[in-house]
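**Student:** sequence first, predicted coordinates after that:
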Amino acid sequence: MHSRTCRWTFLVILLTVHPLFSSSFADQDLALHYAFDQVADLTVRDLSGNGHDATVCGAGFVPRGDGFAIRFERPSEYLDCGAQSIRAEMTITLAFWLYLEDVPAVEVEILAKDGAYSVVAGHECWLYTYWNGKPKKSMVETGGLFPTGIWRHIALVFDGRSVRYYENGRFVPGRNVDYTGAYLTSPVAVRELAAGGPLHLGWKNNFAATDLPPLMLDDFRIYTRAFAADEVAALYRATAVPRLEVKPYPYRFADAVILRLDAGALAPLPAESRIEVEIRERNSHEIAAAAVTPAPTSATITEVPHLYYCTV
């Protein structure tokens, strides 16, 4: 009787995807940019060159990629961006990376420009956006369920007619509500946003002693024009922190291995992307088995099935 021993050493290669977001394009109409990598005396520098530096009020910083993200852990921790002179009443794009560790037990603001717009995390896992403008109405669009414990890129685009919500570079249809709270079948006709007052990020308006999970934000940007869908996707890809997690599932009696690949912030990838997997014995350059599978272009999870390799 022969005993079977399976040995695997994995080499996973994901084709390089070059972002379509050039530095010159990134600076066009950029009104404010906090990367949270340049902090001096509790002042976050505005990298747009427009001088909208912000003051840290109780928040901290954690490593992310090659830099840092800002972290809000307790009520009344926030980033005070001051009385911004940004005029973006006709068109605006807000873009940022969001991480919520858990679902809040109450509806809480994660950022707001007083009297103009705000982004709110709901206790039912919905992410809402509130917009005030002319005619005097409040528009609410929700982008759907937000995941916890994972980074997601959020973009909100106001084009002078309605707000579009994007998650990880993909458009997500939202619900529309007028100032009475009634749901509508078409977007609220807000032609111009309110000028608004000071801008803040974090838990400024949330004073409960509980119910607030840790919140992190990174790469917060404001543009004074409405991005097209392909521009949102390009910005997402250009600012993503690459992550690829691989977990093997050996099926011993089938002499097979299935790899579960989580592309994380790499998705969505171009349609021509593919994943190449090779299996080599330890300390050997010879390829014992190989497989190629298309990379996930929308979902972040894919599998490489039926990768056979077993020694008898």
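**Tutor:** Received, thanks. Model, not experiment: these values are computed from the prediction. Numbers count the residues shown, from 1 in each chain.
**Student:** just the helices in this protein please.
**Tutor:** Assigned by DSSP state H, the helices in the chain fall at 23-27, 229-239.
**Student:** let's have these in a markdown table, adding distance to Ile70, mean pLDDT and mean neighbour count.
**Tutor:** Where you see a C-beta, it was placed from the backbone N, CA and C, and this is true even at glycine. Converted to a markdown table, those look like this (distance: least, C-beta to C-beta, whole Å; pLDDT from 0 to 100; neighbours: other C-beta atoms under 10 Å):
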| stretch | distance to Ile70 | mean pLDDT | mean neighbour count |
| --- | --- | --- | --- |
| helix 23-27 | 20 | 54 | 12 |
| helix 229-239 | 15 | 91 | 20 |
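**Student:** would you reformat those as a markdown table and include distance to Arg170?
**Tutor:** A markdown table is the format used below for the helices of the chain (distance: least, C-beta to C-beta, whole Å):
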| stretch | distance to Arg170 |
| --- | --- |
| helix 23-27 | 20 |
| helix 229-239 | 7 |
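**Student:** and of those, who's closest to Phe72?
**Tutor:** Evaluated with C-beta to C-beta, these place helix 229-239 nearest to Phe72, the distance being 20.1 Å.
**Student:** what's the nearest residue to Asp159 once chain neighbours are set aside in contact with, if anything?
**Tutor:** Leaving aside its sequence neighbours, Asp159 sits nearest to Ala226 (C-beta to C-beta, 6 or more residues apart in numbering; 3.8 Å). Applying C-beta atoms under 8 Å, 6 or more residues apart in numbering, we find Ala226 in contact with 91-93, 157-160.
**Student:** now, of these, which are buried?
**Tutor:** The neighbour-count test (16 or more other C-beta atoms under 10 Å) marks 91-93, 157-158 as buried among the contacts of Ala226.
**Student:** want to try TSV for those, with distance to His285 as columns?
**Tutor:** Putting these into TSV (distance: C-beta to C-beta, whole Å) gives the following:
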residue	distance to His285
Thr91	56
Ile92	54
Thr93	49
Val157	50
Phe158	55
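**Student:** now, among those residues, which is nearest to Thr239?
**Tutor:** Comparing the buried ones among the contacts of Ala226 against Thr239 with C-beta to C-beta picks out Thr93 as the nearest, at 13.2 Å.
**Student:** quickly list what that closest one is bridged to.
**Tutor:** Val157, Tyr223 (DSSP bridges).
**Student:** and it, what pLDDT?
**Tutor:** Thr93 is assigned 94 on the pLDDT scale.
**Student:** so it sits right up against Ile222, yeah?
**Tutor:** Yes - look at Thr93 against Ile222 with C-beta atoms under 8 Å: they come within range, at 7.3 Å.
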